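Asker: generate coordinates for the sequence data below:
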Amino acid sequence: MGTRWAFAPGRRAHPANQRAGGDHLVLTAGVYRRTADFVRDYLPRWGIAATFVPIDDPAALVAALRPTTRLILAETPTNPYLRVLDLERTAALARRHGLLTAVDSTFATPINLRPLEHGFDLVLHRVRPSTWGGITTSWPAPSSGPARSWRASRRRGVCSGG
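Answerer: Okay, here's the model as predicted:
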């Protein structure tokens with residue numbers, strides 16, 4: 001299993017926040033609404049472009065790729081519509097193009113879906129006490145993946161106070 005890092009809840013932990021100016025991201029439509037808002041409202045200010053594609057359209061995913069694409073980001077299954085991404089097909093496509101893959105798998109929980117076993121590089125879970133029968137507060141968001149994927153994230157965390 002890959003190295004695991006835990007970050008406080010919030011934007012600093014998100015893989016979309018780990019890109020540089022001039023980079024391009026491809027996201028599946030139906031990602032967490034606040035993630036989509038962040039990508040649309042803030043990333044362009046930093047020179048980061050993004051393209052949203054339907055979760056069930058592999059041709060659209062391929063068509064969205066650019067030479068500057070660095071990351072494919074998805075949520076599966078989506079909440080509330082339960083649309084599911086073909087993780088193995090997407091991971092294989094990303095490997096062919098030298099891209100990182102990240103998935104928000106909060107709704108499935110690690111008990112039901114382990115995307116690393118299907119070839120994804122990074123996994124994000126927003127953990128809330130309700131996951132274990134609690135009520136209201138957010139807890140840290142554990143993310144997992146290979147150490148190479150998180151070295152830059154850890155460095156930025158120190159610099160940004162995350």
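
Asker: can I get the CA coordinates of stretch 28-44 in CSV?
Answerer: Coordinates of the C-alpha atoms in stretch 28-44 are reproduced here as CSV (Å, rounded to 0.1, in the frame of the first residue of the first chain):
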residue,chain,number,x,y,z
THR,A,28,-15.0,14.3,-14.5
ALA,A,29,-18.3,16.1,-14.3
GLY,A,30,-20.0,15.4,-11.0
VAL,A,31,-16.9,16.0,-8.8
TYR,A,32,-17.7,17.5,-5.4
ARG,A,33,-19.3,20.8,-5.9
ARG,A,34,-16.8,22.8,-3.9
THR,A,35,-14.0,21.2,-5.8
ALA,A,36,-15.6,22.2,-9.1
ASP,A,37,-16.1,25.8,-7.7
PHE,A,38,-12.5,25.9,-6.7
VAL,A,39,-11.3,24.7,-10.1
ARG,A,40,-13.5,27.2,-12.0
ASP,A,41,-13.1,30.2,-9.7
TYR,A,42,-9.5,30.0,-8.4
LEU,A,43,-7.2,27.9,-10.6
PRO,A,44,-7.5,30.2,-13.7
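
Asker: low-scoring stretches of the protein, by residue?
Answerer: Along the chain, the model assigns pLDDT under 70 to residues 1-20, 127-162.

Asker: what are the ranges of the strands in it?
Answerer: 3-7, 24-28, 49-53, 69-75, 100-104, 122-124, 141-145 (DSSP state E).

Asker: now these as CSV including distance to R40?
Answerer: (Glycine included, C-beta is placed from N, CA and C.) Listed next are the strands of the chain as CSV, based on distance: least, C-beta to C-beta, whole Å:
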stretch, distance to R40
strand 3-7, 22
strand 24-28, 10
strand 49-53, 7
strand 69-75, 13
strand 100-104, 16
strand 122-124, 18
strand 141-145, 21
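
Asker: nothing else from me, thank you.
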